[in-house]
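Chemist: what follows is a predicted protein model with its sequence.
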Amino acid sequence: MSVAYPSPGVSFPLHRARPPSASTAETLVLVALLLQVIGGVVLFVGVSWFFGWSVLNPYPFAWIAVTGAVALAAVVLLFLYLAYTLSYLKIQQGDYQGAQGPTLVIGVLSLFAGVLPGIFYLIGYVKLGDAMREQQGYAPWYGPGYSTAYAPAYAAIGPAMPNVAPLVCKGCGRLYAVGQFSFCPSCGSKLGP
């Protein structure tokens, strides 16, 4: 670095732009979508076979069965489109709160059509909640741009013991709760007086 832009004295890891739970939720929703696409392809092949069979072997009221099968295939395609746009794309764009509701509804509805995709959607819903907490959870003394790796321990002690100030490492400047560590896990210097 130069004199105009000195190296930072404290090497805090920058806040992640994408929480780890968001990547997990995206993967779970993608797997559920792929399982539903496979089910949709199987349904399409069955409807095509049924349509071909009813054309070659006509029977009374065959048009009702074919219309019902085609309508079911259309509903499956609409469901896949809505799951992709309302859940998967919103997760990719980082709108975890906007994706959480549709993922829950799609997960519950998927339990009726196929149990496994529904379970994946519901776990993805839980992971979206974790991603929102990870994205918002930062220690007030660090600010939103820094890591919260050691903040939960002080946050648990801080409200219970309001007169206890956090310890500041003399080597790297990180904050720790009193009694949390004897030595700084980041730089190894002794904490305390």
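Modeler: Received, thanks.
Chemist: state the mean pLDDT of the top helix by length along the chain.
Modeler: Secondary structure assigned by DSSP state H gives helix 20-56 as the longest helix of the chain. With pLDDT averaged residue by residue, helix 20-56 scores 87.
Chemist: now the strands for the chain?
Modeler: Taking DSSP state E to define them, one finds strands in the chain at 167-168, 175-176.
Chemist: so which of these is the most packed in?
Modeler: Stretch with highest mean neighbour count among the strands of the chain: strand 175-176 (a mean of 18; mean count of other Cβ atoms under 10 Å). For the C-beta atoms, the positions are set from N, CA and C on the backbone; glycine is no exception.
Chemist: pLDDT below threshold where in the protein?
Modeler: Filtered on pLDDT under 70, the chain yields the residue ranges 1-17, 137-165, 193.
Chemist: can you show me the helices along it?
Modeler: Going by DSSP H, the chain shows helices at 20-56, 62-83, 89-93, 96-113, 115-136, 151-157.
Chemist: out of these, which is closest to R174?
Modeler: Comparing the helices of the chain against R174 with Cβ to Cβ, the closest turns out to be helix 151-157 (10.2 Å).
Chemist: returning to what we had before: how about the strands of the chain, which one is nearest L104?
Modeler: Distance to L104, taken as Cβ to Cβ, is lowest for strand 175-176 among those, at 37.0 Å.
Chemist: helices or strands up against that closest one?
Modeler: Identification of packing neighbours for strand 175-176 by 3 or more Cβ pairs under 8 Å, 6 or more residues apart in numbering; DSSP states H and E yields helix 151-157, strand 167-168.
Chemist: does L111 really touch G118, like I thought?
Modeler: Yes: in this structure L111 lies within contact range of G118 using Cβ atoms under 8 Å: 3.5 Å.
Chemist: neighbour count: the two, which is higher?
Modeler: More neighbours sit around G118 than around the other of L111 and G118, counting by other Cβ atoms under 10 Å; the figures are 20 against 15.
Chemist: tell me which residues touch the more buried one, please.
Modeler: For G118, the residues meeting the contact criterion (Cβ atoms under 8 Å, 6 or more residues apart in numbering) are A32, G107, V108, L109, S110, L111, F112.
Chemist: burial count for the first one?
Modeler: The local packing count at A32 equals 27, with neighbours defined by other Cβ under 10 Å.
Chemist: cool, the second one as well?
Modeler: The burial count assigned to G107 is 24, neighbours taken as other Cβ under 10 Å.
Chemist: quick one: the closest residue to it other than its chain neighbours from S189, how far?
Modeler: Counting by Cβ to Cβ, 6 or more residues apart in numbering, the nearest residue to G107 once its immediate chain neighbours are dropped is Y121, at 3.0 Å. For Y121, the distance to S189 under the criterion Cβ to Cβ, to the nearest Å works out to 48 Å.
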